[in-house]
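Asker: Quick one, what's the 3D model for this:
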Amino acid sequence: MPSTKLPFAQPDYRVTVTDVPYRQVDGRILLRSLIYQPEGEGPFPAVVCVHGGAWMFGDRTATQGFADMIAACGVVVMAIDFRMAPRDPYPSSLADINYAVRWLKQNAAMFSVEPTAIGGLGVSSGGHLILLSALRPFDPRYAADELPEAVREDARLAFVITCSGVLDPLDRYRMAQQSGDQEIIACHDAYFRDSDVMCEASPPLILERGEKVDLPPALFFQGSEDTRVPPGTAQRMAELCIAAGGQAEAVIYPGAGHAIGSWSRLELFDMLRRTMSFIGSSVSGAHADLNPSSGN
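Answerer: Numbering: from 1, shown residues only. This next block holds a predicted model:
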């Protein structure tokens, strides 16, 4: 099989988008995904993309513009729907994400994906979810639902990327309590139900407790003026990953807020460039220069 194609630094591929169901839950919910496919011969690296929305809102279309840019650089994107609060609290969404990773590995050939080069990408609360899934790919609660055609596949990720990630839900909950932000408080209560669960499901606290985890290479983006996430969240997470023996980097954009759609073009293209370089390095196992035809 050809080696995994490294992504370009800038969009260079034409992209086709296909709406694909990936699982049915309890016979009542059909979960769907959008597959953003670079046109050309692979195999390509890929990401399972998890949208934000405070664990309650949004769907697979929420990351459309960002996903299209990533795919145009040569990375297949599987942007997924998953169960959310209030009907489906924690850990239902983690079971869906774990299932989606295994599903993509099983169906990698269909989408010209290299199954060992599948990572995760999450935005806001989706950053929390994909990072938690990356740390605990074998958690019996998350991996409970069998995928009959993929009994030998697991949900380990080759890398993980978060943008404005709510990486410590307990810390964000306390921040919201101090500021009186009832909207954020209500979303946390609906998904986690209580602060003990937030503590159990907090990636930085998981590492501080010394739990046995999987530690794929990690890249965390955050704006310095993000008022929806405690200051220093990305840097703290990167430092904890490194202290635990992993590879991680935090990139902080001065003056940027929470919504990446509000970031400047300069910041967005820098994030894209860094993301492609990071994916290339992660899937090659060493620092990899971007494809020279990208112009960089």
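
Asker: Which other helices and strands does the lengthiest helix in the chain contact?
Answerer: Counting residues, the longest helix found in the chain (DSSP state H) is helix 265-284. Under the contact definition 3 or more Cβ pairs under 8 Å, 6 or more residues apart in numbering; DSSP states H and E, helix 265-284 sits against strand 44-50, helix 64-72, strand 113-123, strand 160-163, strand 218-223, strand 248-253. Just so you know, the C-beta spots here come from the backbone N, C-alpha and C atoms, and that holds for glycine as well.

Asker: right, and those - which one's nearest residue 97?
Answerer: Closest approach to residue 97 among the helices and strands packed on helix 265-284 (Cβ to Cβ): strand 44-50, 6.2 Å.

Asker: Could you spell out the sheet neighbours of that closest one, each with its direction?
Answerer: Paired neighbours of strand 44-50 in the sheet (DSSP bridges): strand 76-80 (parallel), strand 113-123 (parallel).

Asker: among those, which is nearest residue 166?
Answerer: Of the strands paired with strand 44-50, nearest to residue 166 by Cβ to Cβ is strand 113-123, at 9.4 Å.

Asker: Alpha carbons of that closest one, as CSV, please.
Answerer: This file holds the C-alpha atoms of strand 113-123, laid out as CSV (Å, rounded to 0.1, in the frame of the first residue of the first chain):
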residue,chain,number,x,y,z
VAL,A,113,-7.8,6.8,4.3
GLU,A,114,-4.8,5.3,5.9
PRO,A,115,-6.3,3.7,9.1
THR,A,116,-3.2,4.2,11.2
ALA,A,117,-3.3,8.0,10.3
ILE,A,118,-6.7,8.8,11.8
GLY,A,119,-6.7,11.6,14.4
GLY,A,120,-9.3,13.8,16.1
LEU,A,121,-10.3,17.4,15.9
GLY,A,122,-12.7,19.2,18.3
VAL,A,123,-14.0,22.7,18.7
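
Asker: so for that strand, what's the average pLDDT?
Answerer: Per-residue pLDDT over strand 113-123 has a mean of 97.

Asker: hang on, the earlier thing: mind checking which of the helices and strands packed on helix 265-284 is nearest residue 272?
Answerer: Residue 272 lies closest to helix 64-72 among those, at 5.9 Å (Cβ to Cβ).
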